[in-house]
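Novice: With the sequence up front, the predicted model follows.
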Amino acid sequence: MGRVLVGERNLDHRNLLKETFSRLAPSVHLDFASNGEDVLKCLAEEDGEPTVIVLDPTLPSAFSGSLVRVIKSNGRYSRIPIVILADQAGADYYALRGSGLVALSFLKPSQANGWELLVRRVIDLVGPEIA
């Protein structure tokens, strides 16, 4: 059974991801965080590292800089694939996408079936570990 850590500030989007992952990968363990500090707390927990991290790149946090860079600079977490879910294609989205620090990046879907496609791509990325 895999573990997915979702850092998403929007409650509706967290609920859509929870419902879609539960339907498509029912054995996956989901952890949710609504800000950068909670993402780092979830990573530090002793119950195992996530198989993949799904992040909103604009999560509120008390530290400056990119949460992706903070995670990737820690050797313990550097090999965990990160998937970015952006509200819009801004400068940060393109910088993260071009940096090689993220495995996949998506603009958040506007249709319900778009969330299913997104979750399927995440499952395909990490394979049988979370399916």
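Specialist: Sure thing, it's come through. Predicted, not measured: the structure shown is a model, and the values here were computed from it.
Novice: In contact with the residue most central in space within the chain: list those residues for me.
Specialist: Nearest to the mean C-alpha position of the chain, counting by Cα atoms, centre = their mean, stands Val54 at 0.5 Å. Applying Cβ atoms under 8 Å, 6 or more residues apart in numbering to Val54 gives the contacts 4-8, 17, 82-83, 85, 122. Any C-beta I mention is one placed from the backbone N, CA and C, and that applies to glycine too.
Novice: does it sit in a helix, a strand or a coil?
Specialist: Taking DSSP: H, G, I helix; E, B strand; the rest coil as the rule, one finds Val54 in the strand state.
Novice: ok, how many other residues are close to Ala44?
Specialist: Using other Cβ atoms under 10 Å, the number of residues around Ala44 comes to 11.
Novice: Likewise for Leu43?
Specialist: Per other Cβ under 10 Å, the neighbour tally for Leu43 reads 20.
Novice: I'd guessed it sits against Glu37; true?
Specialist: No - judged on Cβ atoms under 8 Å, Leu43 makes no contact with Glu37 at a distance of 10.8 Å.
Novice: Okay, and the beta partners of the residue nearest to the centre of the chain?
Specialist: Val54 forms beta bridges with Val6, Val83, as assigned by DSSP bridges.
Novice: and the closest residue to Asp87 other than its chain neighbours, how far is that from Ser27?
Specialist: Among residues not flanking Asp87 along the chain, Lys108 sits closest, at 5.6 Å (Cβ to Cβ, 6 or more residues apart in numbering). Distance, Lys108 to Ser27, by Cβ to Cβ, to the nearest Å: 25 Å.
Novice: Looking at the two, which one has more neighbours?
Specialist: Lys108 (16 against 9).
Novice: Next, the contact list for the more buried one, please.
Specialist: Taking Cβ under 8 Å, 6+ apart as the criterion, Lys108 is in contact with 13, 85-87.
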